[in-house]
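**Q** coords please:
(4 chains, ligands or ions: 4)
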Number of protein chains: 2
Amino acid sequence: MEPAKPQLNSLLAKLEEAGKRVTSQRIAVCEALLAHNGHPTAAEIWQHLQGQHPAMSQATVYNTLSALEELQLIRALDIVGENHTHYDLCVHPHVNVVCTRCGTIADVHTDTLEALLGLVSARSSYQLAPQDGVIVYGLCPACSAKL
Amino acid sequence: MEPAKPQLNSLLAKLEEAGKRVTSQRIAVCEALLAHNGHPTAAEIWQHLQGQHPAMSQATVYNTLSALEELQLIRALDIVGENHTHYDLCVHPHVNVVCTRCGTIADVHTDTLEALLGLVSARSSYQLAPQDGVIVYGLCPACSAKL
DNA sequence: CAGTTATTTATAATCATTCTAACATGATAT
DNA sequence: ATATCATGTTAGAATGATTATAAATAACTG
Ligand SMILES: [Mn+2]
Ligand SMILES: [Mn+2]
Ligand SMILES: [Zn+2]
Ligand SMILES: [Zn+2]
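**A** Residues are numbered from 1 along each chain as shown, chains lettered A, B, ... in the order given. Ligands and ions are numbered 1, 2, ... in the order given. Next comes the predicted model:
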């Protein structure tokens, strides 16, 4: 049900298509995004790159993530209670379920979300972005058990 | 369709019930929240109170909002691209539609959201908070027209 | 009232993110 | 190729919302 993970080549192709240069730093950030299977933060990407690209500046990570976000190749998730922005490689609309205790994020893919977005667009007259996802909050099974 | 705005007395009663003292500062913050019909930030609340309560510290506004949030009397909204947290007095699950150009927030109340949340809870096994709402992003009619 | 605790205040500290300016790199045009 | 120009990278400084601290104040208890 859930869409296939994007390929490195397609990310780089779209960067180039947008007139951005495909630098070694941008390739590395894209690779790190693909390597992380969840919803990484800028700091996590930067840390992950310290081994292979020790000269990489944090600003470059931030700049690259911003560029990818503007091209709608990734999505920024601002999560209440966390001070780092998380990024989502999956730009197909889906629900991100965040545990308010431990921060674990689960993805739920369902066409009920698309139904909701259609309804919201019609009712509000807002033009929604085609890859709008949502965040909901709760307790993950492990944290629920611990209470 | 949308639930009635909460009363000042009910907010204060729940604070007291939770063992919190009902101070003049907390009353003022609650009043300011009720007076603002939208989704105010801490800074907006504090500015609004400058006239009547010029000695009110920003920390008190932050502390009061945190207390109200913990008691689930208000909800924090972290919006991508804005650096201030917004607060929502309406804790009935609904969709907050944010304009990515001008920041205007519209509310959409629909039971499709509750259907979605039920489905998400079942599929993810997370225990969702009873007043979980969501945020979606788009262009408001006015901003759409300007492009 | 006196004793205890919660709250408020002013201020400083935190820290994720953005800005700056110098340098490096890649593309383009002679 | 070499010069020129635009774009990207870097280290470090600046920003600014939020949080922490510690002293002063206000509310509750008996
Ligand atoms: Mn996701
Ligand atoms: Mn709302
Ligand atoms: Zn958890
Ligand atoms: Zn707008």
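
**Q** which parts of chain A sit against ligand 1?
**A** With C-beta under 5 Å from the ion as the criterion, chain A meets ligand 1 at residues A:88, A:96, A:107. For the C-beta atoms, the positions are set from N, CA and C on the backbone; glycine is no exception.

**Q** Among the residues you listed, name the ones in strands.
**A** With strands taken from DSSP state E, the overlap with the residues of chain A next to ligand 1 comprises A:88, A:96, A:107.

**Q** From these, pick the one nearest residue B:69.
**A** residue A:96 (20.0 Å; C-beta to C-beta).

**Q** Pick the one among the ones in strands among the residues of chain A next to ligand 1 closest to residue B:46.
**A** Distance to residue B:46 across those (C-beta to C-beta) is lowest for residue A:96, with 31.1 Å.

**Q** And the closest residue to the closest one other than its chain neighbours, what's its pLDDT?
**A** Excluding its sequence neighbours, the residue lying closest to residue A:96 (C-beta to C-beta, 6 or more residues apart in numbering or on different chains) is residue A:135, at 4.8 Å. At residue A:135 the predicted local distance difference test score is 98.

**Q** so where does residue A:135 fall, helix or strand?
**A** strand A:134-139 (DSSP states H and E).

**Q** in chain A, which spans are strands?
**A** Counting by DSSP E, the strands of chain A are A:75-77, A:86-88, A:95-99, A:105-108, A:127-128, A:134-139.

**Q** Can I get the ones you listed in a markdown table including mean neighbour count?
**A** As requested, the strands of chain A are exported to a markdown table (neighbours: other C-beta atoms under 10 Å in any protein chain shown):
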| stretch | mean neighbour count |
| --- | --- |
| strand A:75-77 | 20 |
| strand A:86-88 | 21 |
| strand A:95-99 | 23 |
| strand A:105-108 | 19 |
| strand A:127-128 | 16 |
| strand A:134-139 | 22 |
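
**Q** and those as TSV, adding distance to residue B:118?
**A** Shown next, in TSV, are these (distance: least, C-beta to C-beta, whole Å):
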stretch	distance to residue B:118
strand A:75-77	22
strand A:86-88	23
strand A:95-99	12
strand A:105-108	11
strand A:127-128	22
strand A:134-139	11
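
**Q** how about those, which one is nearest ligand 4?
**A** Put simply, out of those the one that sits nearest ligand 4 is strand A:127-128, at 10.0 Å, with distance taken as C-beta to the ion.

**Q** Could you name the helices and strands sitting against that closest one?
**A** helix A:111-124, strand B:134-139 (3 or more C-beta pairs under 8 Å, 6 or more residues apart in numbering or on different chains; DSSP states H and E).

**Q** now do 10 Å
**A** Applying 3 or more C-beta pairs under 10 Å, 6 or more residues apart in numbering or on different chains; DSSP states H and E, one finds that strand A:127-128 contacts helix A:111-124, strand B:134-139, helix B:141-145.

**Q** closest one to residue B:16 among those?
**A** Nearest of the helices and strands packed on strand A:127-128 (C-beta to C-beta): strand B:134-139, 31.2 Å.

**Q** Outline the domain layout of chain A.
**A** Split into domains by automatic domain parsing, chain A comes to A:5-77, A:92-145.
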